[in-house]
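Asks: Sequence first, then the predicted structure, then my questions.
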Amino acid sequence: MRRVKLSVVLMALMTMVACGKQDNSAGDKSASGTDKTASAATSTKTCDLVSTKDGKPLPIKITPKDTPEAKEFLTTCIDPYTKRYAADPEAAKAGKKLFGLYSCTQCHGPNGDGQVGPPITDARWQYAKHVTDKGMFETIAGGSNGGMFAWHQQIANNPDNPSTDEILKIIAWLRTQYKGGGDKPWLK
């Protein structure tokens, strides 16, 4: 019991230290004189994304073309657009536009209410992990065993597929369309 409490405290401290370093956008010089902020932006370290298909790691890396929001998501697993779009319906239209552009409407309907594919705006998730933006990202990016193929550029090896940033905007817009009622953990 004592070890569990100690490990929880240590994890909390490590998280606070990591967050403190991550928020230092002015560029922190290390002892070697290199800019730690710049090297963090080009790091291949990502959050632990896993495939919806088989639970194996989903190998999506930060690229030089990624937006700051995409880089933030790939290090924290938190979609920075979700809260922004919830507060600004006009901004959320960017996600709706991408939802149509990438033909998500063909399976999920024009507003994500379902068609051939399942609805993705109600509380009846096809996969329980869709209650988080990370979980929904994993399914969109890497596909599922239920008929959805991998959409992410890196996974599908297709530069015409959506980028990390575009998938995040789609997810954030879908969250604004939620009709399930009750708790919305993605807004916490």
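Replies: Alright, I've got the coordinates.
Asks: ok, and what's touching the helix or strand harbouring F137?
Replies: Assigned by DSSP states H and E, F137 belongs to helix 133-142. Residues from elsewhere that reach helix 133-142, judged by C-beta atoms under 8 Å, 6 or more residues apart in numbering: 47, 49-53, 58, 60, 73, 77-79, 82, 120, 126-130, 148, 150-152, 155, 162, 164, 167-168, 170-172, 174-175, 186. C-beta: built from backbone N, CA, C; applies to glycine.
Asks: Kindly recompute the last result at 7 Å.
Replies: By C-beta atoms under 7 Å, 6 or more residues apart in numbering, the surrounding residues in contact with helix 133-142 are 47, 49-53, 58, 60, 77-79, 82, 127, 129-130, 148, 150-152, 155, 167, 171, 186.
Asks: just the buried members of those residues?
Replies: Buried members of the contacts of helix 133-142, scored by 16 or more other C-beta atoms under 10 Å, are 49, 51-53, 58, 60, 77-79, 82, 130, 148, 150-152, 155, 167, 171, 186.
Asks: Which of these fall within helices?
Replies: Filtering the buried ones among the contacts of helix 133-142 for membership in helices, criterion DSSP state H, returns 82, 155, 167, 171.
Asks: list the contacts for the last one?
Replies: Which is I171. 79, 133, 136-137.
Asks: Could you count how many residues lie near P57?
Replies: The local packing of P57 (other C-beta atoms under 10 Å) involves 11 other residues.
Asks: And G182, by the same measure?
Replies: Applying the criterion other C-beta under 10 Å, we find 7 residues in the vicinity of G182.
Asks: Identify the residues contacting the closest residue to it other than its chain neighbours.
Replies: Beyond its immediate neighbours in the sequence, the residue positioned closest to G182 (C-beta to C-beta, 6 or more residues apart in numbering) is A123, lying 6.5 Å away. By C-beta under 7 Å, 6+ apart, the contact list for A123 reads 180-182.
Asks: rewinding a little: now distance to K65 too, for the ones in helices among the buried ones among the contacts of helix 133-142, in CSV please.
Replies: Rendered in CSV, the data for those read as follows (distance: C-beta to C-beta, whole Å):
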residue, distance to K65
T82, 22
I155, 16
I167, 14
I171, 19
